[in-house]
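Participant: quick one: sequence and predicted model below, then my questions.
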Amino acid sequence: MCSASTNTFSPPDPKTFSDESKAVIDFIAEYYRNVEKYPAQSKGRPGYLSAKLLECAPFSPESLEDILRDTEQCVLPGLTHWQSPNFFAFSQANASTAAFLGEMLCSGLNVNGFNWIASPAVTESESTVVD
């Protein structure tokens, strides 16, 4: 998964961010369309992913296409697919579109709600929901 790319890292401009975000959403939507094709519980064995990784991190960023391909070919086979209709253990954490979109907002805004001073809006909304 390492690359010999000589591209340097720079934060994405808003158009690139939007385009790449849409590509990730499309990837996830395609995953959900086909989640039944994966075994509910991973068939991966210890060390399966380590064997596919290089010994070093990439020197330069890889393309999103390469990352998504690696995710599909290397990561997905090693996951337990909690959203699979064939998975009957534990509770699903993001079983609704609303929950998934909420997670996107929290991640995108880098919300850290560990106490009130860190994020008053999070603490107060959590208190309202829990009460």
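Facilitator: On my side now, so go ahead. Predicted model only: the values in this text are computed from it and were never measured.
Participant: in the protein, where is pLDDT below threshold?
Facilitator: The chain contains residues with pLDDT under 70 at 1-9, 91-95.
Participant: ranges for the strands of it?
Facilitator: Using DSSP state E, no strands are found in the chain.
Participant: now the helices for it?
Facilitator: Using DSSP state H, the helices of the chain run over 14-33, 64-70, 97-108, 120-130.
Participant: how close does the closest residue to residue 49 other than its chain neighbours sit to residue 41?
Facilitator: Leaving aside its sequence neighbours, residue 49 sits nearest to residue 78 (C-beta to C-beta, 6 or more residues apart in numbering; 5.5 Å). Placement of C-beta: from N, CA and C, glycine included. The gap separating residue 78 from residue 41 is 11 Å, by C-beta to C-beta, to the nearest Å.
Participant: check residue 99 too.
Facilitator: Distance, residue 99 to residue 41, using C-beta to C-beta: 22 Å.
Participant: quick revisit: output the helices of the chain as JSON lines; include the columns distance to residue 88 and mean neighbour count.
Facilitator: Output for the helices of the chain, formatted as JSON lines (distance: least, C-beta to C-beta, whole Å; neighbours: other C-beta atoms under 10 Å):
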{"stretch": "helix 14-33", "distance to residue 88": "18", "mean neighbour count": "12"}
{"stretch": "helix 64-70", "distance to residue 88": "29", "mean neighbour count": "15"}
{"stretch": "helix 97-108", "distance to residue 88": "19", "mean neighbour count": "11"}
{"stretch": "helix 120-130", "distance to residue 88": "28", "mean neighbour count": "11"}
